[in-house]
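Q: pasting the structure only:
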């Protein structure tokens with residue numbers, strides 16, 4: 001089944017990502033906590049914001065209605081879609097997502113300017129590297145030509 005694409009890009013400075021942990025931790029009396037691997041590949045919660053005009057707002061509301069209700073021919077109720085986000089890397093990638101129920105909100109409207117916020121459940125990419133990085137891999141990016149540190 002092909003997923004629909006949400007074509008309106010989120011505000012670059014208007015979203016945050018809450019990464020779930022793959023570990024379960026238990027505090028023990030008289031010692032350090034114990035950890036074990038839980039469920040790997042949990043969906044990621046992403047808070048997004050769109051600043052758009054009247055047509056963009058109508059588009060987002062129609063997407064939200066479709067995800068929530070669907071159509072009689074395609075089903076609905078939590079339908080998934082694809083969206084472009086920056087999560088695992090420093091560039092935009094397409095992710096599968098759905099709205100977290102009851103989080104789609106019109107936060108501000110002034111004239112033809114609409115600010116919409118929502119939370120998404122986003123499916124993580126398969127095969128994300130979880131190995132420890134070596135400093136050598138990043139050394140050239142961490143230092144400028146004179147040996148001073150750069151902000152990344």
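A: Okay, I see it. Everything numeric here is computed off the predicted structure, so don't read it as measured data.
Q: Give me the contact list for whichever helix in the chain runs longest.
A: Secondary structure of the chain per DSSP state H: the longest helix is helix 54-69. Applying CB atoms under 8 Å, 6 or more residues apart in numbering, the external contacts of helix 54-69 come out as 4, 6-8, 50, 52, 76-81, 98-99, 101, 104, 106, 112, 114, 116, 118. For every residue, glycine as well, the C-beta is placed using N, CA and C.
Q: now those residues: which count as buried?
A: 6, 8, 50, 52, 79, 81, 98, 99, 104, 114, 116, 118 (16 or more other CB atoms under 10 Å).
Q: Take those and lay them out in JSON lines including secondary structure, distance to residue 91 and pLDDT.
A: Shown next, in JSON lines, are the buried ones among the contacts of helix 54-69 (DSSP: H, G, I helix; E, B strand; the rest coil; distance: CB to CB, whole Å; pLDDT from 0 to 100):
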{"residue": "6", "secondary structure": "coil", "distance to residue 91": "18", "pLDDT": "93"}
{"residue": "8", "secondary structure": "coil", "distance to residue 91": "19", "pLDDT": "92"}
{"residue": "50", "secondary structure": "strand", "distance to residue 91": "20", "pLDDT": "96"}
{"residue": "52", "secondary structure": "strand", "distance to residue 91": "23", "pLDDT": "95"}
{"residue": "79", "secondary structure": "coil", "distance to residue 91": "27", "pLDDT": "89"}
{"residue": "81", "secondary structure": "strand", "distance to residue 91": "20", "pLDDT": "94"}
{"residue": "98", "secondary structure": "strand", "distance to residue 91": "23", "pLDDT": "93"}
{"residue": "99", "secondary structure": "strand", "distance to residue 91": "24", "pLDDT": "94"}
{"residue": "104", "secondary structure": "coil", "distance to residue 91": "27", "pLDDT": "96"}
{"residue": "114", "secondary structure": "strand", "distance to residue 91": "27", "pLDDT": "97"}
{"residue": "116", "secondary structure": "strand", "distance to residue 91": "24", "pLDDT": "96"}
{"residue": "118", "secondary structure": "strand", "distance to residue 91": "23", "pLDDT": "96"}
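Q: From those residues, pick the one nearest residue 34.
A: Nearest to residue 34 among the buried ones among the contacts of helix 54-69: residue 98, at 34.0 Å, using CB to CB.
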